[in-house]
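Peer 1: Sequence first, then the predicted structure:
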Amino acid sequence: MLSSLRRIFAITRKEVSHIGRDPFTMIMALGLPVIMVLIFGTAFEFNLDHMPLAVLDRDNTFASRQLTEAFSSSDHFNIRPVEKADMGLKALDSGEAIAFMVIDDGFEKLAGGLGAAHVQILVDGSDNTSAGSILSYLPEVQKKAQQKILGSTAPKGIQLKTRYHFNHELKTPWFIVPGLGVVIMAILSILLTSLTVAREWETGSMELLLSTPVKPIEIIIGKLTPYLFLGLGGVGFVFISARLFFGVPFRGSLLLYLLGCIIFLSTCMAQGLLISVVTRSQQVAMQVAMVSGLLPSIYLSGFIYPIEHMPSFFQKITAVLAPRWFIKISHNLYLKGSNLSELGQSFLALTLICFVIIGISAFKFKKDVEP
């Protein structure tokens with residue numbers, strides 16, 4: 001046992017000295033995550049405001065102007081009056097307007113109780129995100145317009161009051177940044193270990209190491225340990241950026257979050273190690289690392305698209321992806337303050353994936369050592 005620890009420590013010390021001589025690795029592990037979080041955390045915005053809305057007011061009455069004012073005062077739309085229908089359609093075609101509203105003659109009379117007052121709104125369906133936002137804003141604007149035009153005579157009926165829990169103002173950074181940190185650390189962790197070990201395969205130093213009595217699992221632990229601490233340093237910088245720059249709350253246990261980070265980073269780094277063992281080439285390792293780390297982390301982890309809305313086949317595939325489980329852990333700890341019992345399934349799945357990937361890496365190393 002003691003001799004095994006000595007061998008692991010020797011490999012770890014060798015990796016630390018190698019990292020110390022390579023400033024690029026330090027920049028990637030510590031500086032790049034913060035830069036990417038600051039850039040993409042600011043760039044992402046799901047709550048769209050001040051969308052250009054072309055308006056053709058054929059009625060030109062007090063009621064029609066009140067309707068237009070209801071759209072303008074909501075801060076969701078910027079009104080662009082047009083004189084003809086062709087001008088509104090042209091604005092849609094050119095992208096100068098995201099929607100086109102037509103108020104026909106007789107709107108005020110119909111709105112006053114003589115009939116149903118209809119308003120046509122044409123929405124640019126080529127942009128699903130903007131179209132969905134417009135449709136979600138319409139009930140709110142319709143209610144305000146009805147109160148402005150009809151006043152106290154507007155029928156109240158059943159009124160639903162909605163309040164968002166955990167993220168009261170639906171701030172996009174509160175949702176984006178915790179998941180974005182997971183995606184960035186996953187990609188960088190896989191990339192770092194895959195390139196570093198692949199470089200040793202190309203230079204021949206790995207064959208020399210494998211020819212010694214060192215066991216494969218000792219090589220894996222020794223090589224992963226320095227990068228694990230580097231990754232934790234990157235996570236710390238991302239955490240500070242989320243709290244200071246974006247004001248994202250953290251309501252859970254820091255100790256539980258640290259445990260999840262250790263398991264997740266170990267899994268990603270073991271995946272990078274496995275890639276380097278299989279490819280033995282820095283160029284190929286980079287390509288495989290980007291494909292296996294970037295695409296699944298973004299599209300199949302729940303970071304952008306909810307897993308519950310995916311086809312059942314892809315929902316099953318996501319179960320073997322570490323980012324899927326750690327994004328859930330991260331979101332719940334940041335915004336909900338969940339405890340271990342509530343996150344038990346995610347921690348168990350993440351731990352199983354970690355042991356499986358490390359086991360496969362050790363088996364592949366052992367196979368390469370044996371004649």
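Peer 2: Yep, it's here.
Peer 1: So for the spatially most central residue of the chain, what pLDDT did the model give?
Peer 2: Centroid-nearest residue in the chain, with Cα atoms, centre = their mean: Phe303, separated by 3.6 Å. Looking at Phe303, its pLDDT reads 85.
Peer 1: give me the number of residues near Leu254?
Peer 2: Other residues near Leu254 come to 10 when the count uses other Cβ atoms under 10 Å. C-beta coordinates here come from the backbone N, C-alpha and C atoms, glycine included.
Peer 1: how near is it to Met101?
Peer 2: In this view, Leu254 and Met101 are 50 Å apart by Cβ to Cβ, to the nearest Å.
Peer 1: related to what we said a few turns ago, so the residue nearest to the centre of the chain is in contact with Ser330, correct?
Peer 2: No - using Cβ atoms under 8 Å, Phe303 is not in contact with Ser330; the gap is 10.0 Å.
Peer 1: Now the common contact residues for these two.
Peer 2: Jointly contacting Phe303 and Ser330 under the rule Cβ atoms under 8 Å, 6 or more residues apart in numbering are 179, 182.
Peer 1: hey, where'd the helices end up in the stretch 1-150 of the chain?
Peer 2: In the stretch 1-150 of the chain, the segments counted as helices under DSSP state H, counting those that start in this stretch are 2-20, 23-26, 32-43, 62-73, 85-94, 107-109, 128-150.
Peer 1: so what does the last one touch, helix or strand wise?
Peer 2: It refers to helix 128-150. Packing contacts for helix 128-150, counted by 3 or more Cβ pairs under 8 Å, 6 or more residues apart in numbering; DSSP states H and E, involve strand 51-57, helix 62-73, strand 119-123.
Peer 1: out of these, which comes closest to Gln283?
Peer 2: Nearest of the helices and strands packed on helix 128-150 to Gln283, taken as Cβ to Cβ: strand 51-57 at 44.4 Å.
Peer 1: list the helices and strands that closest one packs on?
Peer 2: Judged by 3+ Cβ pairs under 8 Å, 6+ apart, strand 51-57 is in contact with helix 62-73, strand 77-81, helix 85-94, strand 99-103, helix 128-150.
Peer 1: Mean pLDDT lowest where, among those?
Peer 2: Note on the helices and strands packed on strand 51-57: helix 128-150 shows the lowest mean pLDDT, a mean of 78.
Peer 1: what mean pLDDT does whatever helix or strand comes next after it have?
Peer 2: With elements assigned by DSSP states H and E, the helix or strand that comes after helix 128-150 is helix 172-203. In this model, helix 172-203 carries a mean pLDDT of 84.
Peer 1: likewise stretch 364-371?
Peer 2: 58.
Peer 1: Check which element follows the helix-or-strand element of the chain with minimal mean pLDDT along the chain.
Peer 2: Sorting the helices and strands of the chain by mean pLDDT, DSSP states H and E puts helix 205-210 at the bottom, at a mean of 66. Next helix or strand after helix 205-210 toward the C-terminus (DSSP H and E): helix 216-244.
Peer 1: And the following helix or strand past that following helix, what does it pack against?
Peer 2: Going down the chain from helix 216-244, the next helix or strand is helix 254-279, by DSSP H and E. Applying 3+ Cβ pairs under 8 Å, 6+ apart, we find helix 254-279 packed against helix 172-203, helix 216-244, helix 282-299, helix 322-331, helix 344-369.
Peer 1: Highest mean neighbour count out of those helices?
Peer 2: Stretch with highest mean neighbour count among the helices and strands packed on helix 254-279: helix 322-331 (a mean of 25; mean count of other Cβ atoms under 10 Å).
Peer 1: picking up where we left off before, to Leu38, which of the helices and strands packed on helix 254-279 lies closest?
Peer 2: Of these, nearest to Leu38 by Cβ to Cβ is helix 216-244, at 6.2 Å.
Peer 1: what's the closest one packed up against?
Peer 2: Against helix 216-244 (3+ Cβ pairs under 8 Å, 6+ apart) you get helix 2-20, helix 32-43, helix 172-203, helix 254-279, helix 344-369.
Peer 1: buried stuff in stretch 8-18?
Peer 2: In terms of neighbour count (16 or more other Cβ atoms under 10 Å), stretch 8-18 has its buried residues at 8, 11-12, 15, 18.
Peer 1: from these, which two are the most distant?
Peer 2: Greatest spacing in those, by Cβ to Cβ: Ile8 and His18 (15.7 Å).
Peer 1: Let me see the domain layout of the chain.
Peer 2: Structurally, the chain divides into domains by automatic domain parsing as follows: 2-44+171-369, 51-153.
Peer 1: okay, the buried residues of stretch 8-18 in CSV with distance to Ala91 and pLDDT next?
Peer 2: Output for the buried residues of stretch 8-18, formatted as CSV (distance: Cβ to Cβ, whole Å; pLDDT from 0 to 100):
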residue, distance to Ala91, pLDDT
Ile8, 67, 78
Ile11, 65, 76
Thr12, 63, 81
Glu15, 60, 76
His18, 59, 73
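Peer 1: how about these in a markdown table, adding distance to Ile219?
Peer 2: A markdown table is the format used below for the buried residues of stretch 8-18 (distance: Cβ to Cβ, whole Å):
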| residue | distance to Ile219 |
| --- | --- |
| Ile8 | 9 |
| Ile11 | 6 |
| Thr12 | 10 |
| Glu15 | 10 |
| His18 | 14 |
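Peer 1: Kind regards, and thank you for your time.
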